[in-house]
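S.K.: return a 3D structure for these sequence lines:
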Amino acid sequence: MGLFVFSNIYKLVLSSVFGIGLALPEILLIPFVIALRKEIKLRVNIYLFFFTIGFWLFLYYLGTTQLGSGSLFTHSRGFLYIFLCFIIFKNPNTHFNIDYFFFLSFGSLCGWLLTSLFNLILLSNLIEDVRGFTYGNLLSIPIFLGTSYLSNKKFWFYIGLCILIAIIFTAGLRRVIVVVLVSLLILFFFPSKNTSIRKQVISLSILAILVYVVFINIDIIGKIVYDFSPSTYHRVFEKTSDSMGDDMIDEDIKRISFIEYYQQHYHDDILPNGFLRTSPEYEFGRYNDFPVLELSYTFGFFGLLIISLYFLRCFILTAKLAYYYSIPFIFLIPGAIVFLLCFMDGSILTNPTVTPLTGMCLGKMALFSNTKIQTRFSLFNQTSDWQD
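M.R.: Predicted coordinates:
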């Protein structure tokens, strides 16, 4: 499911097999829902469901009054998936265990690597190097690292690290490096009673060996990437090297300008404006590269403040449980990455292969911050059904 629904492989499948050129990964989700209907139990409060749909329609209506309909639904459906997955995975009666998250995220990473390699091969056959990056599901990175490491799937953990290293060099996105590093830092250095020092030392040693092997072969890897796509080489190697120096590169300057813009104009969006259109005339790129702007526009300054305080509370309470239990720890990592990506990458709000995971992770954090759930965690050990 992760390979075909939560990665860009779905585009190849829909276009080559079914002849469909639309971005509709939902079509490939249908057979998995049918096949797994007895194993996966998704539950939702019916009143909360209708409230969520009503809230989404309200924001959609505000968006049409501000900008017209246009391609509003294509963009706003990402928020719909976030809302729905949030209320489903916030429900304690939803059964979707850790193994499902593991296979989903691993399949998504495999799909990202395959599409990255496919794009590099295409680029190598072009006279003009027009594109040197391949987007993927960034949230699958912390979910995979957390589920594989904390559920003792060590072999798959190191296989996944190799896949991630390959994605770093082929996808052409420096933010992948940031997400991997932050996820590993939280995974290895967040204080937890479930992680022994010996286990951490062994894992860090193997990780250091992998990094060393890559480092001593970095020139060979760079030459291979350059032969396929000079622009990918420029994005991965030259820009990363420049960003480590004293001078800021264009993207860093651009993000600083976004922060300054928000500081100067946050009062323009005190009240909710609804969803944005995916149209260049509305400077959508600015919102996509700095999603805080879009969140402030959509929900309003005070709405975003309330949402931020709520999820900050969820994060803190989940972190308290994460010290004792591995399951909350697993979802603490992508929760931190969601916050990080709000300043870097808008795919967590708009990309239909990513937004369900955004809602799942935020929903799980909201579940673990529930007072009743906190109490039950204190009464039952991790061999109970709360592994799910």
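S.K.: do a quick rundown of the helices in the stretch 151-300 of the chain.
M.R.: Per DSSP state H, counting those that start in this stretch, the stretch 151-300 of the chain carries helices over the ranges 154-171, 174-189, 197-216, 218-228, 230-233, 239-243, 250-265, 284-289, 291-299.
S.K.: mind checking how far the nearest residue to residue 317 once chain neighbours are set aside is from residue 81?
M.R.: Spatial nearest neighbour of residue 317, excluding adjacent residues (C-beta to C-beta, 6 or more residues apart in numbering): residue 369 at 3.8 Å. C-beta here means a position set from N, CA and C on the backbone, and glycine is covered the same way. Per C-beta to C-beta, to the nearest Å, residue 369 is found 22 Å from residue 81.
S.K.: could you do residue 143 as well?
M.R.: From residue 143 to residue 81 the distance is 16 Å (C-beta to C-beta).
S.K.: likewise residue 218?
M.R.: Counting by C-beta to C-beta, the gap from residue 218 to residue 81 is 39 Å.
S.K.: what comes up buried for the helix or strand where residue 361 lies?
M.R.: Assigned by DSSP states H and E, residue 361 belongs to helix 355-368. Under the neighbour-count criterion of 16 or more other C-beta atoms under 10 Å, helix 355-368 has 355-368 buried.
S.K.: and the residue positioned nearest the centre of the chain, its phi and psi?
M.R.: The chain has residue 139 as the residue nearest its centroid, 2.4 Å off, counting by C-alpha atoms, centre = their mean. Reported as degrees, to the nearest 10, the phi and psi values for residue 139 are phi -70, psi -20.
S.K.: please name the residues that touch it.
M.R.: Listed by C-beta atoms under 8 Å, 6 or more residues apart in numbering, the contact set of residue 139 reads 334, 337, 338, 341, 348, 354, 357, 358, 361.
S.K.: go through the helix or strand the fifth one falls within and flag the buried ones.
M.R.: When elements are defined using DSSP H and E, residue 348 is found to belong to helix 347-350. Under the neighbour-count criterion of 16+ other C-beta under 10 Å, helix 347-350 has 347, 348, 349, 350 buried.
S.K.: quickly name whichever of those is closest to residue 54.
M.R.: residue 349 (20.0 Å; C-beta to C-beta).
S.K.: from residue 39, how far off is the closest one?
M.R.: In terms of C-beta to C-beta, residue 349 sits 30 Å off from residue 39.
S.K.: ok, residue 331 next?
M.R.: For residue 331, the distance to residue 39 equals 20 Å [C-beta to C-beta].
S.K.: these two: which has the busier surroundings?
M.R.: Neighbour totals were compared for residue 331 and residue 39, and residue 331 leads with 30 against 10 (other C-beta atoms under 10 Å).
S.K.: so the more buried one sits against residue 361, correct?
M.R.: Yes: using C-beta atoms under 8 Å, residue 331 is in contact with residue 361, at 5.5 Å.
S.K.: any idea how far residue 90 is from residue 322?
M.R.: 17 Å.
S.K.: may I have the helix holding residue 348 exported as PDB, CA atoms only?
M.R.: In PDB, the C-alpha atoms belonging to helix 347-350 read as follows (Å, rounded to 0.1, in the frame of the first residue of the first chain):
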ATOM      1  CA  SER A 347       3.600  18.900   0.900                       C
ATOM      2  CA  ILE A 348       2.400  17.900   4.400                       C
ATOM      3  CA  LEU A 349      -0.600  20.100   3.700                       C
ATOM      4  CA  THR A 350      -1.400  19.600   0.000                       C
END
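S.K.: and which of the buried residues of helix 347-350 is nearest residue 110?
M.R.: residue 347 (18.2 Å).
S.K.: nearest spatial neighbour of that closest one, chain-adjacent residues omitted?
M.R.: residue 354 (4.9 Å).
S.K.: so who does residue 258 touch?
M.R.: 286, 289, 290, 293.
S.K.: check the gap between it and residue 347 for me.
M.R.: 16 Å.
S.K.: so between residue 143 and residue 81, which is more surrounded?
M.R.: More crowded of residue 143 and residue 81, by other C-beta under 10 Å: residue 143, with 29 against 22.
S.K.: need the contact partners of the helix or strand containing the more buried one.
M.R.: Element membership for residue 143, per DSSP H and E: helix 140-150. Residues outside helix 140-150 that contact it (C-beta under 8 Å, 6+ apart): 2, 6-7, 98-99, 101-102, 104-106, 108-109, 112, 153-154, 156-157, 160, 164, 176, 179-180, 183-184, 186-187, 194-195, 203, 326, 329-331, 333-334, 336-337, 357, 361.
S.K.: check contacts around residue 155.
M.R.: Taking C-beta under 8 Å, 6+ apart as the definition, residue 155 has no contacts.
S.K.: so where is the stretch 151-300 of the chain shaky, pLDDT-wise?
M.R.: 194-196, 229, 231, 234-252, 277-285 (pLDDT under 70).
S.K.: switch the cut-off to 50
M.R.: Low-confidence segments of the stretch 151-300 of the chain (pLDDT under 50): 280-282.
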